[in-house]
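return atomic coordinates for the entry below.
(one chain, ligands or ions: 1)
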Amino acid sequence: MLAFQVARSACSAARTGKAPVRLLLSASLRTNAPGRPSIRVFASTPRHRKDEARIRTVQPETGTKTETEESVKPEIVQKEKPAGPVKQDALLAEQTVSNKEQRKADWAIIKDMVKYLWPKDDLGTKFRVGLSVGLLIGAKILNVQVPFYFKSIVDSMNVDFAVVGGTVMTVAGATIFAYGATRIGAALFQEFRNAIFASVAQKAIRRVAGNVFEHLLKLDLNFHLSRQTGGLTRAIDRGTKGISFLLTSMVFHVIPTALEISLVCGILTYQYGAKFALITAATMVAYTAFTITTTSWRTKFRKQANAADNKGATVAVDSLINYEAVKYFNNEKYEVGRYDAALQSYEKASIKVQTSLAYLNSGQNLIFSSALTAMMYLAADGVAKGTLTVGDLVMVNQLVFQLSMPLNFLGSVYRELRQSLLDMETLFNLQKVNLAIKDPPNPKPLQLKGGEIKFENVTFGYRPDRPILKNLTLTIPAGKKVAIVGPSGCGKSTILRLLFRFYDVQEGRILIDGQDIRDVSMESLRRAIGVVPQDTPLFNDTIEHNIHYGDMSASPEKVRAAAKRARIHDIIETLPDGYNTMVGERGMMISGGEKQRLAVSRLILKDPPLLFFDEATSALDTYTEQTLLANISSILKEKSRTSVFVAHRLRTIYDSDLIIVLREGNVAEQGTHDKLIDRGGVYSELWSAQETLFVDDAAKGSGSGDKKEKDGKGA
Ligand SMILES: Nc1ncnc2c1ncn2[C@@H]1O[C@H](COP(=O)(O)OP(=O)(O)OP(=O)(O)O)[C@@H](O)[C@H]1O
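Residues are numbered from 1 along each chain as shown. Below is the predicted model:
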């Protein structure tokens, strides 16, 4: 049970830790752009991604944009801390996936995404995509008109106004207005395009995220216990951001860059001949090749920074979650040291990221500026020879500059695209995780006749090398109150988990009223079983909601009636917010005893025929425990129900119809209390030991029970 609880609290801790992770990431791990004025140019980047998009500064002298900062995104999924060699191997294996396989996976995702861009039965989406592409083409065509007007304005200005006469209005007024209108038109087209496309990306995100979430809820307990919940939600979060980026960049970056480059090359060839086109084409090839190779080389620095970033977040979150433990043992310095070590690795990796970025930017600038110089020389030469006008010189300059924007995007889009594909792969892989526990084909619902539960030669272990139940055979008779007792870790809670089909048995079978639980639908099986677990899982919501969870269709009156029966109503009424009191994350804002009673209320509301109480009253004082147990007994008597009580304190179960004593994964003995006492076996020894303690406590006055209860009969 301990391992189960540890794993469970790890999950919950990860959940609790989600907010701090983000807080710390943004507050202390991210470096900011240098303090000079910067313009964000990821105009089409969705809002949530903007924070992560690099900031580029427009250099006033040249107009070219230079990457100045990259947000270092944490690793694709916050991976579970490697718990041993097996997991580390798995992680290594994950990292060494061959490039070929990676490309295959990338293409599979892109193909999948095309389905969202052009869904079969969704005319609306098709229309939006079509319209966005139309607007995009319109914007690009308008954009390439701008240099033409500019050339025309420069040429028409290149006259002696004193000789020719006229004003700016008569000479170039129309062209200047056309120039302005074209620029405005291009900008408007781009904004409309973004607005229209937004719903396509958001719809895709909703569908994928919904499917993944549904799948996650279907996965078995083992999957959830071995993953960090924080990591899972992060995978969904990052994967869905990836979807938006991939769709947006597929439509707005890849296609338009290609379109713009072709248009500019075409115009240069048509207007000024092959030399210009050749230089443009050579620049494109050199720029692209340099960007792609340098980006691939830089990726490892980013990965290192991401890993350090994750480590820092994990350390910080772990320390904050275990705040009390840190304080109990005065280990603040140790924790700060651990955190600083992670920050130091991050610092080193970030410096590499920045320096390699400077190299990338310089190389890109060198290639681009060399091409620009060559073109300007050719154009100036043309002007000198009289084959070109000054306007032509300006137009060449403008056209080439127009290329700088898509080219600059190329580097960032390429890298972001790779990252998005990785994020999405993790997300899509989650959907592929097989369900270990599933319904049989055409399952029948469980037919309850009385509620007899039988374990027949059941062998089960969470790990194959450590069996917990060994050829266990037991019968829980229909309509009876049965107790399962035994030393800690002997498999009492495991019996419940198997019955609920959180896991399937490795050998043997479990029958309810003669039906193998693997042959009936899980929905009907789980509907028939009610559980008050050892550690009550509560939602961070109101008390009302948490009780209501037992039956979402129940009326508020029923909720209150259930609370009364679980002896929690009066306490709730005394709280300032009554039933609207928030219970806090994992119910941390209410006491352990209150949590258990909420769990009992929930069970009463669910009203199932088979009831399981796994140490359900362990956090209560003796008086409240006895009263609650009396209430539970009266509920059991109302209808014929089979109930199973797992308990350590034998005084809470001594009156059961049958007591099963487990030891080392098997039944050591069974019978009624009196029979087992007479037998003088394990139960009798346990009973005597507990009674001695109880009497001692009572004598010292520290126990809350009275002497009358000593033999158990007065309870
Ligand atoms: N998910 C798990 N993975 C691996 N081992 C587990 C898992 N859950 C429980 N165990 C182990 O299985 C054994 C039986 O656990 P179980 O919870 O059934 O014990 P229990 O009899 O209910 O104990 P307790 O009385 O302390 O609650 C324990 O040794 C426990 O550490």
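
ok, which stretches of the stretch 601-715 of the chain are helices?
622-638, 673-679, 682-700 (DSSP state H, counting those that start in this stretch).

export the ones you listed to TSV and tack on mean neighbour count, mean pLDDT and distance to residue 239?
Just so you know, the C-beta spots here come from the backbone N, C-alpha and C atoms, and that holds for glycine as well. Shown next, in TSV, are the helices of the stretch 601-715 of the chain (neighbours: other CB atoms under 10 Å; pLDDT from 0 to 100; distance: least, CB to CB, whole Å):
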stretch	mean neighbour count	mean pLDDT	distance to residue 239
helix 622-638	16	73	45
helix 673-679	15	90	56
helix 682-700	14	72	52
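
now do the lengthiest helix in the chain: distance to the chain's middle.
Ranked by residue count, the top helix of the chain under DSSP state H comes out as helix 332-385. Relative to the chain's own centre, helix 332-385 is displaced by 32 Å; criterion: CA atoms, centre = their mean, to the nearest Å.

quick check: what element follows that helix along the chain?
Past helix 332-385, further along toward the C-terminus, the next helix or strand under DSSP states H and E is helix 390-432.

next SSE downstream of that next one?
Taking DSSP H and E, what comes next after helix 390-432 is strand 453-460.

which neighbours in the sheet does that next one have, and how are they oriented?
When pairs are called by DSSP bridges, strand 453-460 turns out to pair with strand 469-476 (antiparallel), strand 507-512 (antiparallel).

which residues does the shortest one contact?
Contacts made with strand 507-512 from outside it, assessed by CB atoms under 8 Å, 6 or more residues apart in numbering, are listed as 446, 448, 451-460, 471-473, 498-499, 516-518, 520, 525, 528, 610.

mind listing what's buried along it?
508, 510, 512 (16 or more other CB atoms under 10 Å).

tell me who's in contact with the closest residue to residue 513 other than its chain neighbours.
The shortest distance from residue 513 to any non-neighbouring residue, by CB to CB, 6 or more residues apart in numbering, is to residue 449 (4.5 Å). Contact partners of residue 449, counting by CB under 8 Å, 6+ apart, are 478, 513, 514.

distance of residue 449 relative to residue 640?
For residue 449, the distance to residue 640 equals 11 Å [CB to CB, to the nearest Å].

any shared contact partners between the two?
Common contact partners of residue 449 and residue 640 (CB under 8 Å, 6+ apart): residue 478.

any idea which element the residue nearest to residue 656 when sequence neighbours are not counted lies in?
Among residues not flanking residue 656 along the chain, residue 483 sits closest, at 4.1 Å (CB to CB, 6+ apart). Under the criterion of DSSP H and E, residue 483 resides in strand 481-485.

the next helix or strand after that strand versus strand 469-476: what angle between them?
The helix or strand immediately downstream of strand 481-485 is helix 492-499, counting by DSSP H and E. Counting by axes from the mean of the first three to the mean of the last three CA atoms, to 10 degrees, helix 492-499 lies at 80 degrees to strand 469-476.

which secondary structure elements does helix 492-499 contact?
Helix 492-499 sits against strand 453-460, strand 469-476, strand 481-485, strand 507-512, strand 610-614, strand 642-646, with contacts defined as 3 or more CB pairs under 8 Å, 6 or more residues apart in numbering; DSSP states H and E.

pipe those into JSON lines and attach mean pLDDT and distance to the ligand per row.
Listed next are the helices and strands packed on helix 492-499 as JSON lines, based on pLDDT from 0 to 100; distance: least, CB to the nearest ligand atom, whole Å:
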{"stretch": "strand 453-460", "mean pLDDT": "93", "distance to the ligand": "10"}
{"stretch": "strand 469-476", "mean pLDDT": "91", "distance to the ligand": "9"}
{"stretch": "strand 481-485", "mean pLDDT": "92", "distance to the ligand": "8"}
{"stretch": "strand 507-512", "mean pLDDT": "93", "distance to the ligand": "15"}
{"stretch": "strand 610-614", "mean pLDDT": "89", "distance to the ligand": "7"}
{"stretch": "strand 642-646", "mean pLDDT": "90", "distance to the ligand": "6"}
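
if we can go back for a sec, state the number of residues packed around the residue nearest to residue 656.
25 (other CB atoms under 10 Å).

give the buried residues for stretch 556-567.
Neighbour count says stretch 556-567 has 558, 559, 560, 561, 562, 563, 565, 566, 567 buried, by 16+ other CB under 10 Å.

out of these, list just those in helices.
Residues from those lying in helices, with DSSP H as the criterion: 558, 559, 560, 561, 562, 563, 565.

from these, which is closest to residue 128?
residue 559 (44.8 Å; CB to CB).

give the contact list for that closest one.
Residues counted as contacts of residue 559 (CB under 8 Å, 6+ apart) are 544, 547, 548, 579, 601, 605.

make it 6 Å
Contacts for residue 559 (CB atoms under 6 Å, 6 or more residues apart in numbering) come out as 547, 548.

that one and the ligand, how far apart?
30 Å (CB to the nearest ligand atom, to the nearest Å).

so what pLDDT did that residue get?
Note on residue 559: pLDDT of 92.

from residue 573, how far out is it?
According to CB to CB, residue 559 stands 13 Å off from residue 573.

next: residue 450.
Using CB to CB, one gets 38 Å for the distance from residue 450 to residue 573.

which one of these two is surrounded by more residues?
Per other CB under 10 Å, whichever of residue 450 and residue 573 has more neighbours is residue 450, with 14 against 11.

count the neighbours of the spatially closest residue to the more buried one that is not a sequence neighbour for me.
Spatial nearest neighbour of residue 450, chain neighbours left out: residue 478 (3.0 Å); criterion: CB to CB, 6+ apart. Using other CB under 10 Å as the criterion, residue 478 is surrounded by 18 other residues.

how about the helices of the stretch 601-715 of the chain, which one is nearest residue 249?
helix 622-638 (59.6 Å).

so which elements touch that closest one?
For helix 622-638, the contact count by 3 or more CB pairs under 6 Å, 6 or more residues apart in numbering; DSSP states H and E identifies no helix or strand as a packing neighbour.

chain center to it: distance?
Relative to the centre of its chain, helix 622-638 is centred 41 Å away, using CA atoms, centre = their mean.

domain ranges for the protein?
Domain ranges of the chain: 99-432, 453-538+608-697, per the TED database.

can you flag the weakest of these by average pLDDT?
domain 99-432 (a mean of 81).

check the offset of that domain from the chain's centre.
With CA atoms, centre = their mean as the basis, domain 99-432 stands 25 Å off its chain's centre.

now swap in stretch 512-523 and tell me
33 Å.

now it: buried residues?
So stretch 512-523, judged by 16+ other CB under 10 Å, has buried residues 512, 513, 515, 517, 518, 520, 522.

mind checking the end-to-end distance for it?
Stretch 512-523 has an end-to-end distance of 14 Å (CA to CA, to the nearest Å).

residue 590: which of the domains of the chain is closest?
domain 453-538+608-697 (8.1 Å).

thinking again about what came up before, farthest pair in the buried residues of stretch 512-523?
Farthest-apart pair in the buried residues of stretch 512-523 is 513 and 522; separation 16.4 Å (CB to CB).

which residues of the stretch 301-450 of the chain lie near the ligand?
Contact residues (CB under 6 Å from any ligand atom) of the stretch 301-450 of the chain with the ligand: there are none.

now the stretch 301-450 of the chain against the ligand: closest residue?
Nearest residue of the stretch 301-450 of the chain to the ligand (CB to the nearest ligand atom) works out as residue 436 at 12.8 Å.

pretty sure residue 142 sits against residue 186.
Yes. Residue 142 is within contact range of residue 186, at 4.0 Å (criterion: CB atoms under 6 Å).
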